[in-house]
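>>> Pasting a predicted model and its sequence here:
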Amino acid sequence: MQKFIRQLHHTALPIIALLFTLLATSVMALPVTTVNNRALSEEMNRLLNGEVIIAISPLQEGVTGVEGKIYIAAPPKKVWQVITDYNNHKNFVPNVIDSGIISDNGIEKVMFEKGKTKMFIFSKEVYTKMKVWGEHLTRLCFQQINGDFKVYQGEWTLVDYPQGAGTFLTYKAEVKPDFYAPAFAVRNVQNRDCPLMMLAMKKQSELSSENTLSSSRNE
């Protein structure tokens, strides 16, 4: 009897260990791939359906994190031209009252923007002088070198979408004013103003793309 139990013990343990290994592998591997693919697909569908996706988050030392995503029915070349059209931002970006290029050495530009922001019943003009650099048609970084912010830096990223002849545009920034403003008020302002800016970039890019197509047809 004891010999039988020992034989059963030696036979069963490897089988049980194998079953646990297979079970653990399936539990760990399957959800990760499925959830990531589903999340990516859902976000893409929301953007393709015209939604602007905004995420505002509190970061360390009172800094506000901002992320905006939008789909633009224009190729990356047109979108790039619009977001780097610093001399013209004042004419189509909401809350920008003046803008322009200060210098350009071929690798890095220095530009400025003056805007008007509103918190509750108060409005305030803010100024920022920034350096901008990046990888042509794919990534544009910016960082304040002088102005009304303790922290103002981030990047634009452009992802080509050949199926729709369009571009997925993402804006990321870290913001902290150099004047008193409650963190919740800064988050509210960014949550209100970021979608307006993203939609302005979309409208201007698509208008520019349509004008190019019309000119090509008329030639």
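It's in. Quantities reported herein were computed from a predicted structural model and do not represent experimental measurements. Numbering: from 1, shown residues only.
>>> number of nearby residues for Leu47?
20 (other CB atoms under 10 Å). C-beta here means a position set from N, CA and C on the backbone, and glycine is covered the same way.
>>> likewise the one 3 residues further on?
Here the count is done by other CB under 10 Å, and Gly50 has 11 residues near it.
>>> Poorly predicted segments of this protein, please.
For the chain, residues meeting the criterion pLDDT under 70 lie at 1-37, 39-40, 120-121, 213-219.
>>> and Pro94, how far is that from Lys129?
Plainly put, Pro94 is 21 Å away from Lys129 if you go by CB to CB, to the nearest Å.
>>> Tell me which of these two has more neighbours.
Between Pro94 and Lys129, counted using other CB under 10 Å, Lys129 has the larger neighbour count: 16 against 12.
>>> so that one sits right up against Ile145, yeah?
Yes: between Lys129 and Ile145 a contact is recorded at 5.6 Å, counting by CB atoms under 8 Å.
>>> How about the residue nearest to Gly154 when sequence neighbours are not counted: which residues does it bridge to?
Take Gly154 and drop its neighbours on the chain: the residue closest to it by CB to CB, 6 or more residues apart in numbering is Ala173, 3.3 Å away. Beta-bridge pairing for Ala173 (DSSP bridges): Val66, Gly154.
>>> Which strands and helices lie in contact with the helix or strand in which Lys116 is found?
Per DSSP states H and E: Lys116 is located in strand 109-119. Strand 109-119 sits against strand 96-104, strand 122-135, helix 183-218, with contacts defined as 3 or more CB pairs under 8 Å, 6 or more residues apart in numbering; DSSP states H and E.
>>> Does anything pack onto the first one? Which helices or strands?
Under the contact criterion of 3+ CB pairs under 8 Å, 6+ apart, the helices and strands touching strand 96-104 comprise strand 109-119.
>>> what angle separates the strand it packs on from strand 122-135?
150 degrees (axes from the mean of the first three to the mean of the last three CA atoms, to 10 degrees).
>>> Okay, now the sheet partners of strand 109-119, with direction.
Strand 109-119 has these strand partners (DSSP bridges): strand 96-104 (antiparallel), strand 122-135 (antiparallel).
>>> And the next helix or strand past the longest one?
Stepping forward along the backbone from strand 122-135, the first helix or strand reached (DSSP H and E) is strand 139-147.
>>> Need the contact partners of that next one.
Residues outside strand 139-147 that contact it (CB atoms under 8 Å, 6 or more residues apart in numbering) are 80, 83-84, 110, 126-134, 151-158, 178.
>>> Name the residues of it that are buried.
Within strand 139-147, the residues that qualify as buried are Leu140, Cys141, Phe142, Gln144, Gly147, counting by 16 or more other CB atoms under 10 Å.
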